[in-house]
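A.B. asks: Need a 3D model of the sequence below.
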Amino acid sequence: MCLVAIRAAADVAGTYKGSWCGAANGDFRLKLEHTPGGEWKADVVFTMGTDEVKTKIKSVKVDGSKVDIVYDFDLQGNALVSTVTGEVTGKKMASTYKTKTVADGSPVDEGTWKVTAQE
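C.D. replies: Sure, this is the predicted structure:
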């Protein structure tokens with residue numbers, strides 16, 4: 001049983017590249033890592049126009065092929081938080097995101113994203 005869980009985790013871990021689409025669109029990069037201690041780590045970077053936006057990961061949850069990540073970022077002086085949910089199918093992962101303000105939780109944007117695992 002334990003071997004199956006480790007194999008599933010390894011299948012989700014990796015570096016993914018693709019795109020996001022909402023009120024605007026751009027590139028989306030995601031790196032998922034399963035640490036030896038059993039914790040999940042993620043790194044998310046996306047583009048807005050020609051600007052690369054780095055994020056600060058707040059939480060990562062992986063349950064089988066399903067992934068949920070919450071991250072903060074600053075865009076033009078606005079503190080925002082996004083929640084992305086995804087599901088891995090083969091070498092691809094796709095789903096939705098929702099972004100709101102950190103200050104009062106007002107909705108800012110929502111849309112879709114899709115990425116492919118990099119070899």
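
A.B. asks: Tell me what the closest residue to V60 other than its chain neighbours is bridged to.
C.D. replies: Nearest non-adjacent residue to V60, counting by CB to CB, 6 or more residues apart in numbering: W40, 4.2 Å away. The C-beta positions use only the backbone N, C-alpha and C, and glycine is treated the same way. Each beta-bridge partner of W40 is listed here: H34, as defined by DSSP bridges.

A.B. asks: so M48 sits right up against G26, yeah?
C.D. replies: Yes - applying CB atoms under 8 Å, one finds M48 in contact with G26, separated by 5.7 Å.

A.B. asks: where do the strands sit along the protein?
C.D. replies: With DSSP state E, the ranges of strands along the chain come out as 14-21, 25-34, 40-48, 51-54, 56-63, 66-75, 78-89, 92-101, 107-117.

A.B. asks: Now mean pLDDT and mean neighbour count too, for those, in CSV please.
C.D. replies: Output for those, formatted as CSV (pLDDT from 0 to 100; neighbours: other CB atoms under 10 Å):
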stretch, mean pLDDT, mean neighbour count
strand 14-21, 97, 17
strand 25-34, 96, 18
strand 40-48, 96, 18
strand 51-54, 94, 12
strand 56-63, 97, 14
strand 66-75, 96, 17
strand 78-89, 96, 17
strand 92-101, 96, 17
strand 107-117, 97, 16
